[in-house]
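Student: Please work out how this folds:
(one chain, ligands or ions: 1)
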Amino acid sequence: MSRQSFWNATRILCAVALAISAQQTNQQTKQQTKQQPEGDLGFTDTPILPGQKWHVHDPDRPHARLVTPGREPGAPPSDAIVLFDGKDLSQWEQRGRGADRGKMVPTQWKVENGYFEIAPRTGELFTRAKFGDCQLHIEWAAPAEVRGSSQSRGNSGVLLMSRYEIQVLDSYDNLTYADGQAAALYGQWPPLVNPARKPGEWQSYDIVFEAPRFEGERLVRPAFATVFFNGVMVHHRKEILGTMVYRRVATYTAHGPEEPLSLQDHGYPVRFRNVWIRRLAGYDQPER
Ligand code: MG
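Tutor: Modelled structure (predicted):
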């Protein structure tokens, strides 16, 4: 056999071996499919779940959409709207003053070193977008230099729908009224525990908020908040009594199903970073 013929024969043998191997793999796949237990992808001869329209293990029930989680704890997952990524406040605005009164204007709060800082007495910050039911992640730091006491120390607030305040305050070794300390549903419920870090250190809130429901002017379901403060649960689906007020009992006034998120300017240079939000929908959303 010439050298050329030898190589040609080798090539043919290799091709035949590959074809046989591919056929075997194909047969194995078919066998595996056949071997998959009956009903492994669901059943239609099972009972209907009480209060639901689905059979137990219903094969037609929509599967949960895929979401890529954040790279590390606290980082935004793929379906989050990033409200501040360390660079700019383009997703936020403030109420205009003077000649700009009645208009919303670009914010004057300061952005530096991956965070933004309240420019005291310039007014609250509002998101340009509106939100209802949501999951919110926000990190904040009270000024490292301690000045003042009680409510006059690093006071700010996360106002869901521009109304329902989760208090921001330096609550490390700082006595104030209980329903006004950090992570309180301000004026309504103190946090269950106080896991505050020292002033100047970064703290996190992870909030699940259920917006109130109105029919016309009538409240038909109040708002609820679940809050984790530095990873520690401090409210568990706690009912909110109404719009934040001082020295009064909060009540509801009807508003839209979505409203801007706002951050309070209480006159202290509190810092914020890594802010993201997810709009929440119920179970069994269509697959996409
Ligand atoms: Mg406040």
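Student: For this structure, just list every one of the helices.
Tutor: Here the chain has its helices, by DSSP state H, at 3-35.
Student: Could you report the distance from the closest residue to the ion within the stretch 51-200 of the chain to Asp60?
Tutor: The nearest approach of the stretch 51-200 of the chain to the ion comes at Gly157, 3.4 Å away (CB to the ion). Any C-beta I mention is one placed from the backbone N, CA and C, and that applies to glycine too. Distance, Gly157 to Asp60, by CB to CB, to the nearest Å: 45 Å.
Student: neighbour count winner among these two?
Tutor: Neighbour count, other CB atoms under 10 Å: between Gly157 and Asp60, Gly157 has more, with 23 against 9.
Student: what sits opposite the more buried one in the beta ladder?
Tutor: Beta-bridge pairing of Gly157 under DSSP bridges involves Gln167.
Student: ok, back up a step: the residue of the stretch 51-200 of the chain closest to the ion against Tyr186, yeah?
Tutor: Yes: applying CB atoms under 8 Å, one finds Gly157 in contact with Tyr186, separated by 6.5 Å.
Student: what do the two both touch?
Tutor: Common contacts of Gly157 and Tyr186, defined by CB atoms under 8 Å, 6 or more residues apart in numbering, comprise 165-167, 244.
Student: Spit out the contact partners of the residue of the stretch 51-200 of the chain closest to the ion.
Tutor: Applying CB under 8 Å, 6+ apart, we find Gly157 in contact with 165-168, 186, 244, 263-264, 266.
Student: Gly154 now?
Tutor: Contacts for Gly154 (CB under 8 Å, 6+ apart) come out as 142-143, 168-170, 199, 268, 270.
Student: which parts of this structure sit against the ion?
Tutor: 155, 157, 167, 264 (CB under 5 Å from the ion).
Student: distance of Asp40 from Pro59?
Tutor: Per CB to CB, Asp40 is found 10 Å from Pro59.
Student: same thing with Ile240?
Tutor: Relative to Pro59, Ile240 is positioned 40 Å away (CB to CB).
Student: next one: Arg218
Tutor: Distance, Arg218 to Pro59, using CB to CB: 41 Å.
Student: Show me which of the two is the more surrounded one.
Tutor: Remark: of Arg218 and Pro59, Pro59 carries more neighbours, 12 against 9, as counted by other CB under 10 Å.
Student: Let me see the contact set for the residue nearest to that one when sequence neighbours are not counted.
Tutor: Among residues not flanking Pro59 along the chain, Gly42 sits closest, at 2.7 Å (CB to CB, 6 or more residues apart in numbering). Residues near Gly42 by CB under 8 Å, 6+ apart: 55, 57-61.
Student: ok, what's across the strand from the closest residue in space to Glu201 that isn't next to it in sequence?
Tutor: Among residues not flanking Glu201 along the chain, Ala141 sits closest, at 6.3 Å (CB to CB, 6+ apart). Going by DSSP bridges, Ala141 is paired in beta bridges with Arg271.
Student: what about Ala141, distance to Ser171?
Tutor: 13 Å.
Student: Kindly report the same for Glu72.
Tutor: 26 Å.
Student: Ser90 too?
Tutor: Counting by CB to CB, the gap from Ser90 to Ser171 is 31 Å.
Student: do Pro222 as well
Tutor: 26 Å.
Student: Who has more neighbours out of those two?
Tutor: Per other CB under 10 Å, whichever of Pro222 and Ser171 has more neighbours is Ser171, with 25 against 15.
Student: quick one, phi psi at that one?
Tutor: With angles defined as degrees, to the nearest 10, Ser171 sits at phi -110, psi 20.
Student: my guess is it meets Gly180, correct?
Tutor: No: Ser171 is beyond contact range of Gly180, at 9.2 Å (criterion: CB under 8 Å).
Student: Using PDB, list the CA coordinates for stretch 181-192.
Tutor: Only the C-alpha atoms of stretch 181-192 are listed here, as PDB (Å, rounded to 0.1, in the frame of the first residue of the first chain):
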ATOM      1  CA  GLN A 181     -35.100  55.300  64.500                       C
ATOM      2  CA  ALA A 182     -33.400  53.900  61.400                       C
ATOM      3  CA  ALA A 183     -35.600  51.500  59.400                       C
ATOM      4  CA  ALA A 184     -38.700  52.500  61.400                       C
ATOM      5  CA  LEU A 185     -41.900  52.800  59.400                       C
ATOM      6  CA  TYR A 186     -41.700  56.400  60.500                       C
ATOM      7  CA  GLY A 187     -44.100  57.300  63.200                       C
ATOM      8  CA  GLN A 188     -45.800  53.900  63.000                       C
ATOM      9  CA  TRP A 189     -43.600  50.900  63.800                       C
ATOM     10  CA  PRO A 190     -40.000  50.700  65.200                       C
ATOM     11  CA  PRO A 191     -37.800  48.100  63.500                       C
ATOM     12  CA  LEU A 192     -37.900  44.700  65.300                       C
END
